[in-house]
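**Student:** this is a predicted model, with the sequence first.
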Amino acid sequence: MHLPRRRFLGSTAFLLGGALTEALATPVWQWRDAALLQAAKSTTPSAPNFIDIAVQAGVTAPNVWGGVDHKTAIIEAKGSGLAFYDFDHDGWLDIYLTNGDRLGTEWPAGKAPTAHLYKNNRDGTFTDVTERSGLGVTGWQTGVCVGDYNNDGLDDLFCTFWGHNRLWHNNGKGTFTDVTKAAGLHSEQVRWGAGCTFLDYDRDGLLDLFVCNYLKLDPNHVPMADDKHFCQWKGVPVMCGPRGLPPDTNLLFHNNGDGTFTDVSEKSGILKPGPRYSITSVSYDFDNDGWPDIYVAVDSQPSILFRNNHDGTFTDVAVPAGCAYSDGGQEQAGMGVAVADYDGDGHFDIFKTNFADDTSNLYHANGDGTYTDLSDSAGFNRNSQYVAWGCAFLDFDNDGWPDLLQVNGHVYPEIDSYHFDQSFKNPRLLYRNLGNGHFADVSAMAGSGITERFSSRGAAFGDFRNSGGIGALILNMNDPPSLLQNDTVGRDNWLKLKLIGTKCNRTAIGARVRVTVGKHTQMDEVHSGGSVMSQDDLRLHFGLGTAAVADVVEVIWPTTRQVERFPRLAANQIVSIREGHGIVHRMASTQRVS
């Protein structure tokens with residue numbers, strides 16, 4: 001068996017060997033976590049090691065987002081996402097960085113902060129190609145998602161703003177054209193867009209667009225911190241919101257097939273939940289019925305799970321499904337979303353990050369359309385001191401079990417002046433999946449890229465070196481970004497799949513892949529959006545453990561639901577599969593697996 005389940009050292013095993021007296025004097029959660037860590041160390045040879053190479057890689061554009069030491073309005077605290085985005089389709093992940101502004105600031109000519117596009121040089125470095133691309137605009141950019149909306153073979157870019165969203169058409173020569181108005185996506189109304197998601201909700205082979213809107217914030221009437229209504233946190237004066245400010249509604253746009261979109265938010269049922277403080281959305285087939293659903297992480301209100309009714313409409317089933325609230329039935333400040341079948345039972349589970357003094361949720365799919373919050377028993381309940389943002393399930397050691405990386409950062413710089421157990425800048429968190437429903441916090445041993453402190457927001461995840469190690473791109477508020485290189489020692493074998501649609505959308509969003517090694521089957525879907533208002537690598541990555549081949553790779557294409565099977569695919573390569581044409585390209589790893 002190439003992918004053995006790690007065994008959980010329970011309380012009985014831990015107390016043996018003369019440790020009873022010491023254990024009785026130790027809080028239960030501490031010796032339980034110690035047991036989990038010991039299990040991770042003793043049964044796994046890999047040693048996680050993430051290092052920040054942003055400076056030497058040339059990815060140094062600083063983030064500008066509101067005040068540095070003091071925030072007067074909520075827009076200054078929220079931050080934004082970013083993207084790993086292979087804009088030129090050369091098989092190497094490029095980088096798109098959003099950026100913000102400062103309230104009341106008039107920038108000298110040429111000095112205003114802008115978005116940035118970096119091209120991957122294939123040698124561990126990147127070149128800033130923003131000026132030529134036409135993407136270097138200034139404004140409060142918040143979310144980003146990627147998809148080929150017109151099926152021309154080039155993935156396009158949609159960006160949300162506090163202001164007016166933009167759809168950038170990829171011209172294929174390193175340049176982009178703003179087609180927002182021509183596509184029917186422009187609104188004269190100022191809105192605060194957040195996360196976004198391309199999906200083909202009606203399975204017609206064309207990518208539709210779901211857009212989160214956070215709250216209504218008039219740029220001419222921004223509440224300031226001297227307004228004491230909903231403007232204190234633990235007795236400390238802070239900026240207002242979101243409570244006390246009007247939430248906004250989400251939007252769904254149907255792709256007309258001619259380069260334009262139609263707003264179908266009302267007739268599709270997207271407006272029925274009413275206004276919400278929506279932050280991040282992602283689409284997966286959560287109920288395994290062959291149709292894409294939508295999950296939305298919502299701040300300070302119930303989160304949303306839109307079930308696809310197969311007729312162009314959606315129903316919010318989050319409350320009866322058990323993934324709208326905390327395990328105790330409380331509203332939470334939902335920020336980021338990660339989705340994976342973390343325990344290999346054939347159903348997608350949901351991880352949602354929240355505000356400080358709360359734990360992230362691990363909504364385990366029960367297989368009947370409902371979820372159980374297993375965050376406590378899984379081991380995610382020991383880090384409630386952080387405001388949590390970007391997140392992803394990623395198999396950092398390639399053992400075939402999705403691990404989890406979470407980035408953090410508080411919203412109130414002022415708290416550093418008070419004697420709280422929280423700070424504005426925080427480390428990241430890395431959890432190892434033990435293969436038995438439990439996760440061990442291995443952050444302290446995972447390298448400086450994890451332990452270094454920032455007030456982070458968006459995070460994107462992908463293998464930017466094509467070496468088999470999933471890294472991370474992280475937006476740090478009012479700091480340069482972090483680019484985490486995964487140098488995990490003893491990493492196992494892997495397989496990466498690039499899917500290309502023909503009858504379905506060209507980006508193959510919604511395509512499901514199952515990879516089987518021995519008796520262990522993993523699955524994932526190509527998806528747009530997620531983390532926090534960010535875009536991950538569109539390729540699907542699977543750890544194979546010590547196996548030299550994947551026994552079977554199965555692709556289910558989203559429009560036709562046709563299945564293609566590929567037996568005995570060799571490890572440590574990137575395989576491109578075109579719908580109906582099989583394997584069209586292979587790329588070997590750029591680095592020998594240690």
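**Tutor:** All right, it came through fine. Numbering: from 1, shown residues only.

**Student:** confirm residue 319 sits in a helix?
**Tutor:** Yes. Counting by DSSP: H, G, I helix; E, B strand; the rest coil, residue 319 falls inside a helix.

**Student:** and it, what does it touch?
**Tutor:** 302, 325 (C-beta atoms under 8 Å, 6 or more residues apart in numbering). Any C-beta I mention is one placed from the backbone N, CA and C, and that applies to glycine too.

**Student:** and it, how far is that from residue 209?
**Tutor:** Distance of residue 319 to residue 209, given as C-beta to C-beta, to the nearest Å: 26 Å.

**Student:** ok, residue 167 next?
**Tutor:** In terms of C-beta to C-beta, residue 167 sits 8 Å off from residue 209.

**Student:** cool, and residue 384?
**Tutor:** 35 Å.

**Student:** give me the more crowded residue out of those two.
**Tutor:** Of the pair residue 384 and residue 209, residue 209 is the one with more neighbours under other C-beta atoms under 10 Å, namely 25 against 15.

**Student:** please name the residues that touch that one.
**Tutor:** 147, 149, 158, 185, 196, 197, 198, 199, 252, 253, 255, 261.

**Student:** which of these are buried?
**Tutor:** Listed as buried from the contacts of residue 209 are 147, 149, 158, 185, 196, 197, 198, 199, 252, 253, 255, 261; burial here means 16 or more other C-beta atoms under 10 Å.

**Student:** which residue comes closest to residue 536 once chain neighbours are left out?
**Tutor:** residue 461 (4.8 Å; C-beta to C-beta, 6 or more residues apart in numbering).

**Student:** ok, residue 216 next?
**Tutor:** residue 246 (4.4 Å).

**Student:** any idea of the pLDDT on the one you found?
**Tutor:** Note on residue 246: pLDDT of 94.

**Student:** sorry, back to before: who is the residue nearest to residue 536 paired with across the strands?
**Tutor:** Counting by DSSP bridges, residue 461 is bridged to residue 472.

**Student:** for it, give its distance to residue 403.
**Tutor:** Counting by C-beta to C-beta, the gap from residue 461 to residue 403 is 11 Å.

**Student:** what does residue 395 give?
**Tutor:** Counting by C-beta to C-beta - residue 395 and residue 403 are separated by 6 Å.

**Student:** identify the contacts common to those two.
**Tutor:** Common neighbours of residue 395 and residue 403 (C-beta under 8 Å, 6+ apart) are residue 433.

**Student:** OK, contacts around residue 260?
**Tutor:** Residue 260 touches 182, 183, 184, counting by C-beta under 8 Å, 6+ apart.

**Student:** what about the first one, neighbour count?
**Tutor:** I take that to be residue 182. Around residue 182 there are 13 residues (other C-beta under 10 Å).

**Student:** what do you get for the second one?
**Tutor:** Neighbour count for residue 183, taken as other C-beta under 10 Å: 22.

**Student:** correct me, but it touches residue 167?
**Tutor:** Yes. The pair residue 183 and residue 167 qualifies as a contact (C-beta atoms under 8 Å) at a distance of 5.2 Å.

**Student:** picking up where we left off before, hmm, the residue nearest to residue 536 is touching residue 404, no?
**Tutor:** No. With contact defined as C-beta under 8 Å, residue 461 and residue 404 do not form a contacting pair (10.6 Å).

**Student:** what is in contact with these two at once?
**Tutor:** 392, 394.

**Student:** leaving out sequence neighbours, find the closest residue to the one residue sitting closest to the centre of the chain.
**Tutor:** Nearest to the geometric centre of the chain sits residue 531, at 1.7 Å (C-alpha atoms, centre = their mean). Nearest residue to residue 531, sequence neighbours excluded (C-beta to C-beta, 6+ apart): residue 390, at 4.4 Å.

**Student:** strand partners of whichever strand or helix holds the one you found, parallel vs antiparallel please.
**Tutor:** Using DSSP states H and E, residue 390 falls within strand 388-394. Strand pairing for strand 388-394, using DSSP bridges, gives strand 403-408 (antiparallel).

**Student:** on that earlier part again, residues in contact with the residue nearest to residue 536?
**Tutor:** 84, 392, 394, 405, 470, 471, 472, 473, 531, 536, 537.

**Student:** 6 Å instead, please
**Tutor:** 392, 394, 470, 472, 536 (C-beta atoms under 6 Å, 6 or more residues apart in numbering).

**Student:** take these and write them to CSV, including pLDDT, distance to residue 110 and neighbour count.
**Tutor:** Output for the contacts of residue 461, formatted as CSV (pLDDT from 0 to 100; distance: C-beta to C-beta, whole Å; neighbours: other C-beta atoms under 10 Å):
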residue, pLDDT, distance to residue 110, neighbour count
392, 98, 36, 27
394, 98, 38, 26
470, 98, 37, 29
472, 98, 31, 30
536, 98, 33, 28
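
**Student:** in JSON lines: those residues, plus distance to residue 496.
**Tutor:** Converted to JSON lines, the contacts of residue 461 look like this (distance: C-beta to C-beta, whole Å):
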{"residue": "392", "distance to residue 496": "15"}
{"residue": "394", "distance to residue 496": "12"}
{"residue": "470", "distance to residue 496": "10"}
{"residue": "472", "distance to residue 496": "16"}
{"residue": "536", "distance to residue 496": "13"}
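
**Student:** what's the burial count for residue 568?
**Tutor:** Neighbours of residue 568 using other C-beta under 10 Å come to 10.

**Student:** which non-adjacent residue is nearest it?
**Tutor:** According to C-beta to C-beta, 6+ apart, the nearest residue to residue 568 is residue 549 (5.1 Å).

**Student:** ok, what's across the strand from the one you found?
**Tutor:** residue 570.

**Student:** was I right about it contacting residue 570?
**Tutor:** Yes. Residue 549 is within contact range of residue 570, at 5.4 Å (criterion: C-beta atoms under 6 Å).

**Student:** tell me where the stretch 1-150 of the chain has strands.
**Tutor:** 50-52, 82-84, 95-97, 116-120, 126-128, 140-147 (DSSP state E, counting those that start in this stretch).
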